[in-house]
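Asker: pasted the sequence and its predicted model underneath.
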Amino acid sequence: MFFRHRRRSGSDPLVRVRLATLILGGVLGLIGMRFDNAVLVNVAIGLVLVGFLLRFVPHGDSDADAKDREVRGP
């Protein structure tokens, strides 16, 4: 509705990996803060950053999307 310039090209194969890294990073961060463990907190920060950076990884077109563009044109 608000962002019509963005098109949906099907499901994103990295959604589960992204969510897993963000959730695991959050849980490890809370555990590290609870036990005052700087190593766990730093690992958690790294995992959250990886999860965030995965947002910018482009995913390839699926076969159905390529066929749809061939039928409709550019």
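Answerer: Yep, it's here.

Asker: mind listing the helices for this protein?
Answerer: 15-34, 38-53, 63-72 (DSSP state H).

Asker: mind putting these into a markdown table with mean pLDDT and mean neighbour count?
Answerer: In short, each C-beta sits where N, CA and C put it, glycine included. Formatted as a markdown table, these follow (pLDDT from 0 to 100; neighbours: other C-beta atoms under 10 Å):
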| stretch | mean pLDDT | mean neighbour count |
| --- | --- | --- |
| helix 15-34 | 95 | 15 |
| helix 38-53 | 96 | 15 |
| helix 63-72 | 56 | 10 |
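
Asker: and the gap between the spatially closest residue to residue 19 that is not a sequence neighbour and residue 58?
Answerer: Take residue 19 and drop its neighbours on the chain: the residue closest to it by C-beta to C-beta, 6 or more residues apart in numbering is residue 51, 7.7 Å away. Separation of residue 51 from residue 58 (C-beta to C-beta, to the nearest Å) stands at 16 Å.

Asker: isn't the residue nearest to residue 19 up against residue 16?
Answerer: No: if you go by C-beta atoms under 8 Å, residue 51 and residue 16 don't touch, sitting 11.2 Å apart.

Asker: need the contact list for the closest residue to residue 18 other than its chain neighbours.
Answerer: Excluding its sequence neighbours, the residue lying closest to residue 18 (C-beta to C-beta, 6+ apart) is residue 54, at 4.6 Å. By C-beta atoms under 8 Å, 6 or more residues apart in numbering, residue 54 lies in contact with 14, 17, 18, 21.

Asker: name the nearest of those relative to residue 31.
Answerer: Closest approach to residue 31 among these (C-beta to C-beta): residue 21, at 15.6 Å.

Asker: quick one: residues contacting the residue nearest to that closest one when sequence neighbours are not counted.
Answerer: Nearest residue to residue 21 in three dimensions, chain neighbours excluded: residue 51, at 3.7 Å (C-beta to C-beta, 6+ apart). Contacts were defined as C-beta under 8 Å, 6+ apart; by that measure residue 51 touches 18, 19, 20, 21, 22, 25.
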